[in-house]
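Participant: Take a look and give me a structure for this.
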Amino acid sequence: MPLEINEIQIGFSQKKKKTMSHIKVYVHYVWSTKNRIPFLNDAIRNKVFKHIRENAETKNIYIDFINGYTDHVHCLVSLNDDLSIGKIAQLIKGESSFWINKNKLTPQKFAWQDEYLAIGIGDDKLSIVREYIAKQEEHHKKITFAKEYEKFIKRYGFDIVKK
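Facilitator: Numbers count the residues shown, from 1 in each chain. Coordinates of the predicted model:
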């Protein structure tokens, strides 16, 4: 017995039903201003971080936590199913650099360093990383970003990868 058109259409629409991906992968990004120039002073730092968060949202990038200090940014991002780690860094850094220059927030041309760190964070470490990011100003009264960066490179084995 042949199927009626309605039965065919119903069967077809059920087969085309899109399933939703469930992704829970957090990445801790760290990047600095070009040549580590301390452009992110108290007057602009929070404006820049607020803009980065708002702009990321328009690009379907979820920033869980963002903070930093005068010469760098820490950003905890929840990955989605359509952007790579590199693309997220490119979108955030490129647009924010453009925005800072367009709004003349710094006395000279602003740029981010090309390189960045990206470290996967497990559920059991999320609260520790959030707290670490939140306390950047206090943290950098004791240690420079250059020293912090070296510690990240060693702790996560990046020095081995680059050889």
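
Participant: how many other residues sit next to residue 69?
Facilitator: Neighbourhood size, residue 69 [other CB atoms under 10 Å]: 21. The C-beta positions use only the backbone N, C-alpha and C, and glycine is treated the same way.

Participant: Double-check it against residue 140; I have them as touching.
Facilitator: Yes: taking contacts as CB atoms under 8 Å, residue 69 lies within contact range of residue 140: 4.6 Å.

Participant: dump the residue contacts of residue 40.
Facilitator: Listed by CB atoms under 8 Å, 6 or more residues apart in numbering, the contact set of residue 40 reads 33, 48, 68-73.

Participant: So which of the residues you listed are in strands?
Facilitator: Using DSSP state E, 68-69, 72-73 are the members of the contacts of residue 40 that sit in strands.

Participant: quick revisit: kindly reformat the contacts of residue 40 as a markdown table containing pLDDT.
Facilitator: Shown next, in a markdown table, are the contacts of residue 40 (pLDDT from 0 to 100):
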| residue | pLDDT |
| --- | --- |
| 33 | 98 |
| 48 | 98 |
| 68 | 97 |
| 69 | 97 |
| 70 | 97 |
| 71 | 97 |
| 72 | 97 |
| 73 | 98 |
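
Participant: Put the alpha carbons of stretch 102-120 into CSV.
Facilitator: C-alpha atoms of stretch 102-120 as CSV (Å, rounded to 0.1, in the frame of the first residue of the first chain):
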residue,chain,number,x,y,z
LYS,A,102,39.2,53.4,16.9
ASN,A,103,38.2,54.9,20.3
LYS,A,104,41.8,56.2,20.9
LEU,A,105,42.0,54.7,24.3
THR,A,106,45.8,54.6,24.3
PRO,A,107,48.3,57.4,23.6
GLN,A,108,49.9,55.4,20.7
LYS,A,109,48.8,52.6,18.4
PHE,A,110,47.6,49.6,20.3
ALA,A,111,48.2,46.0,19.4
TRP,A,112,48.2,42.6,21.1
GLN,A,113,51.2,40.3,20.9
ASP,A,114,50.7,37.7,18.2
GLU,A,115,51.2,34.7,20.4
TYR,A,116,48.9,33.5,23.2
LEU,A,117,48.5,30.5,25.6
ALA,A,118,45.5,28.3,25.6
ILE,A,119,45.1,25.7,28.3
GLY,A,120,42.2,23.2,28.7
